[in-house]
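J.: Predicted model and sequence follow; I will ask about them next.
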Amino acid sequence: MTDFPENDKSDLINNRPRIAKTSWYKGKMPRTKAQLLAEKKAAEALIDKEEVDNQVSNREAAPAQLPSQSAMMNRHSKIKYVLAVSSGKGGVGKSMIVATLAAALQNLGLKTGILDADITGPSIPTAFNLHEHAYASALGLMPVLADNGIKIMSMNLVLENQDDPVSWRAPIINTAIKQFWTDVVWGDLDVLLIDMPPGTGDVPLTVFQALPITAAVVVTSPQMLVTTIVEKSIKLLEKLHVPLLAVVENYAYFECNNCHSKEEPFGPSKLSELAQITNAPLTWQIPLLPELAQAIDKGEITSYRNDYFYNLARRIYDNLTEKYSKLVN
């Protein structure tokens, strides 16, 4: 790791950006010359639609990561499967699913990590009650360990104050995500879960094009408004040739503890319709679980136990080992 002098910006512009300790803890990221130009264009609201279409077309023509955009994994890391958890729509409990699924995978005896790619809205550290900072070593940036051994990297673990806003434009956010892959010492992992940001724009494209994603899990909820947006996310996966492993419908119903009757506060399930559209190997429902929300808020997700997530984690890993080769060696 290198500390760039405050009065010397040439290395940041002319060389490939590396993590600079002074930059991380001041809430700034190093920029390349191309990224500075891209930021200037964004500031002037000059959107090059043709270039965006070309990016998608290039990925369609080459399902593997594009050589010019792919990010090299840290040489001290070895990860079997990289699973992106996305939705396209905020507010469906995606980060909650990521945190609980990671805890369930770890409880199955699998070495698990979480890369929080939701740079501007990181919530994973809260679920695990993490307040310390990630630190740089001679090997790279070290992830923070949850109390059950899950390795976690999130923007809130490198900000000086966790309530500081991350007001960066897309090129800088993209650089941060790539560095979470290239500069973080993940070590040996069976599964790395990526908590994707909502939407289908530049930042999700960076994750899918720069990182060797094994497969994706899409999180939805029964509302028609949500389903419509989630379908966009699924179509993006198809365009980018990212395999869809599972569709998880969160907040599917609420079961009364006394009479065990089931109510659907967000309307009837749309899971069967999505299953027909996507041909996903695995579909799953998660009901409203007040005790899970409490565990997340208290930062006690590692001690939470629930058969819904235990069985989901087991099925997901079985599908990973059966259907997909190890893309990360």
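T.: That came through, no problem.

J.: can we go C-alpha only for contacts and neighbour counts from here?
T.: Fine.

J.: Provide a list of residues in contact with the residue at minimal distance from the centre of the chain.
T.: With distances taken as Cα atoms, centre = their mean, D195 lies nearest the centre of the chain, 2.2 Å away. D195 sits next to A84, V85, S86, K94, S95, V98, I114, L115, D116, A117, D118 when contact means Cα atoms under 8 Å, 6 or more residues apart in numbering.

J.: which residues of the stretch 101-250 of the chain fall in helices?
T.: Assigned by DSSP state H, counting those that start in this stretch, the helices in the stretch 101-250 of the chain fall at 124-127, 170-182, 202-210, 224-239.

J.: Just the mean pLDDT for the third one, thanks.
T.: Along helix 202-210, the predicted local confidence has a mean pLDDT of 90.

J.: so it versus helix 170-182, what angle?
T.: Using axes from the mean of the first three to the mean of the last three Cα atoms, to 10 degrees, the direction of helix 202-210 lies 40 degrees away from that of helix 170-182.

J.: Also the last one?
T.: Helix 224-239 and helix 170-182 are oriented at 70 degrees to each other (the same axes, to 10 degrees).

J.: tell me which residues of helix 224-239 are tucked away?
T.: V226, T227, I229, V230, E231, K232, S233, I234, L236, L237 (16 or more other Cα atoms under 10 Å).

J.: In a markdown table, list the residues you listed along with pLDDT.
T.: Formatted as a markdown table, the buried residues of helix 224-239 follow (pLDDT from 0 to 100):
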| residue | pLDDT |
| --- | --- |
| V226 | 84 |
| T227 | 83 |
| I229 | 87 |
| V230 | 87 |
| E231 | 88 |
| K232 | 89 |
| S233 | 89 |
| I234 | 90 |
| L236 | 91 |
| L237 | 92 |
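
J.: Let's have the residues you listed in JSON lines, adding distance to L159.
T.: Shown next, in JSON lines, are these (distance: Cα to Cα, whole Å):
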{"residue": "V226", "distance to L159": "32"}
{"residue": "T227", "distance to L159": "34"}
{"residue": "I229", "distance to L159": "31"}
{"residue": "V230", "distance to L159": "31"}
{"residue": "E231", "distance to L159": "34"}
{"residue": "K232", "distance to L159": "32"}
{"residue": "S233", "distance to L159": "29"}
{"residue": "I234", "distance to L159": "32"}
{"residue": "L236", "distance to L159": "31"}
{"residue": "L237", "distance to L159": "31"}
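
J.: returning to what we had before: please pick the buried ones from the contacts of D195.
T.: In the contacts of D195, the ones that pass as buried (16+ other Cα under 10 Å) are A84, V85, S86, K94, S95, V98, I114, L115, D116, A117, D118.

J.: check contacts around the residue nearest to the second one when sequence neighbours are not counted.
T.: If I follow you right, that is V85. Taking Cα to Cα, 6 or more residues apart in numbering, and ignoring the residues beside it in sequence, V85 has V217 as its nearest neighbour in space, at 4.8 Å. Residues in contact with V217 (Cα under 8 Å, 6+ apart) are L83, A84, V85, S86, L244, L245, A246, V247, V248.
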